[in-house]
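>>> structure here, sequence nowhere to be found:
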């Protein structure tokens with residue numbers, strides 16, 4: 001794939017992208033960077049991580065330049081299931097086993113704080129992105145024997161309780177084969193339209209002086225004399241005091257994360273259900289790999 005392309009060049013289009021494009025709210029307006037720049041912080045990546053950082057730093061009074069190799073919001077953010085769910089996808093009990101209770105607790109608190117911050121931004125700036133609080137439902141994989149399902153749910157309940165996570169035991173979700181299975185229900189999870197939110201973040205960041213540039217691929221980062229120089233594909237340079245790499249797979253070579261990243265692929269499908277057959281909630285199972293589903297209307301079109 002040429003450097004100048006990203007996921008926006010794929011043949012398929014997510015529900016969020018389709019809705020935003022039809023509403024003429026995407027692509028988010030941002031010109032290519034065509035001259036050398038100097039700033040406090042350069043942010044590489046125009047998804048929810050990069051635009052959130054650009055907004056927060058710009059609001060704090062820092063001068064910001066953000067670049068993305070494709071259109072802003074053209075990567076993974078617009079291809080998610082839009083779950084804003086602090087409980088770990090790979091189960092809190094697994095996280096405790098892997099990292100211990102304290103780090104697992106901090107992990108959950110940081111995710112919960114991030115969702116609270118999104119809600120605060122949406123409320124303060126009247127962002128039209130269908131943000132709403134909904135319940136999250138965790139349930140055993142289809143066909144799991146009752147005894148094993150109870151053990152799995154109980155283990156996860158105990159893990160959540162250790163970490164101070166609000167959760168309740170319940171039975172059944174309105175999905176085939178799961179009408180009477182033990183489940184965990186997490187209140188005050190959330191969902192939203194991710195691209196509408198990104199559109200608002202880009203506007204808010206720009207209003208605070210952040211310079212946002214799409215279709216501006218980065219070739220390399222160099223650190224020297226307490227400065228970072230970012231060189232683009234077109235030869236232009238951004239010199240900054242600090243750099244934030246907010247790409248889906250990190251492009252810096254500090255710890256070479258890209259060489260340790262397994263090339264897994266996940267898929268999300270959107271369906272229109274007659275009459276809104278499912279309650280407005282989040283659903284994910286304990287299968288490995290797990291499956292998840294979002295609200296019945298998926299918020300597209302309001």
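Received the coordinates, thanks. Since we're looking at a predicted model, the values are computed, not measured. Residues are numbered from 1 along each chain as shown.
>>> who's in contact with the residue most central in space within the chain?
By Cα atoms, centre = their mean, the chain has its centre lying nearest to residue 77, at 5.3 Å. Listed by Cβ atoms under 8 Å, 6 or more residues apart in numbering, the contact set of residue 77 reads 47, 48, 194, 195, 198. C-betas here are computed from N, CA, C, even on glycine.
>>> so how far is residue 94 from it?
Remark: distance between residue 77 and residue 94 (Cβ to Cβ, to the nearest Å) = 25 Å.
>>> now swap in residue 224 and tell me
For residue 224, the distance to residue 94 (Cβ to Cβ) stands at 41 Å.
>>> neighbour-wise, which of these two wins?
Applying other Cβ atoms under 10 Å to residue 224 and residue 94 shows that residue 94 carries more neighbours, namely 15 against 7.
>>> and that one, how far is that from residue 172?
24 Å.
>>> quick check: residue 136 touching residue 279?
No. With contact defined as Cβ atoms under 8 Å, residue 136 does not reach residue 279; the gap is 11.9 Å.
>>> so those two - more neighbours on which side?
Using other Cβ under 10 Å, the more surrounded residue of residue 136 and residue 279 is residue 136, with 23 against 13.
>>> and the more buried one, how far is that from residue 23?
The separation that residue 136 has from residue 23, given Cβ to Cβ, amounts to 28 Å.
>>> ok, now residue 198?
Taking Cβ to Cβ, one finds residue 198 at 13 Å from residue 23.
>>> comparing these two, which residue is more hemmed in?
Set side by side, residue 198 and residue 23 give different neighbour counts by other Cβ under 10 Å, the larger being at residue 198 (27 against 15).
>>> if any of the contacts of residue 77 are buried, put those into a ChimeraX selection.
Selection of buried members from the contacts of residue 77 for ChimeraX, criterion 16 or more other Cβ atoms under 10 Å:
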select :47,48,194,195,198
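>>> out of the contacts of residue 77, which one sits closest to residue 237?
Lowest distance from residue 237 to these (Cβ to Cβ) belongs to residue 47, with 23.1 Å.
>>> which residues does the closest one contact?
68, 73, 75, 76, 77, 198, 246, 248.
>>> give me the buried entries from those residues.
Buried, going by 16+ other Cβ under 10 Å: 68, 73, 75, 76, 77, 198, 246, out of these.
>>> what about these, which are in helices?
residue 198 (DSSP state H).
>>> tell me the domain boundaries of the protein?
7-79+209-253, 84-192 (automatic domain parsing).
>>> can you give me the helices for the stretch 51-200 of the chain?
92-99, 101-124, 146-162, 194-207 (DSSP state H, counting those that start in this stretch).
>>> the ones you listed: which one's closest to residue 35?
helix 194-207 (17.5 Å).
>>> right, and the helix or strand after the closest one?
strand 211-213 (DSSP states H and E).
>>> ok, residue 84 - contacts?
115, 118, 189, 190, 191, 192.
>>> strands of the stretch 1-150 of the chain, start to end?
For the stretch 1-150 of the chain, the strands defined by DSSP state E, counting those that start in this stretch occupy 37-44, 64-67, 83-84, 132-139.
>>> I should have written the stretch 151-300 of the chain there, sorry.
Going by DSSP E, counting those that start in this stretch, the stretch 151-300 of the chain shows strands at 168-171, 182-191, 211-213, 218-224, 227-232, 237-245, 282-285, 292-293.
>>> of all those strands, which lies closest to residue 39?
Across the strands of the stretch 151-300 of the chain (criterion: Cβ to Cβ), the nearest stretch is strand 237-245, sitting at 5.0 Å.
>>> averaged pLDDT, the closest one. What do you get?
For strand 237-245, mean pLDDT rounds to 97.
>>> most packed of the strands of the stretch 1-150 of the chain?
Most buried of the strands of the stretch 1-150 of the chain by mean neighbour count (mean count of other Cβ atoms under 10 Å) is strand 64-67; its value is a mean of 28.
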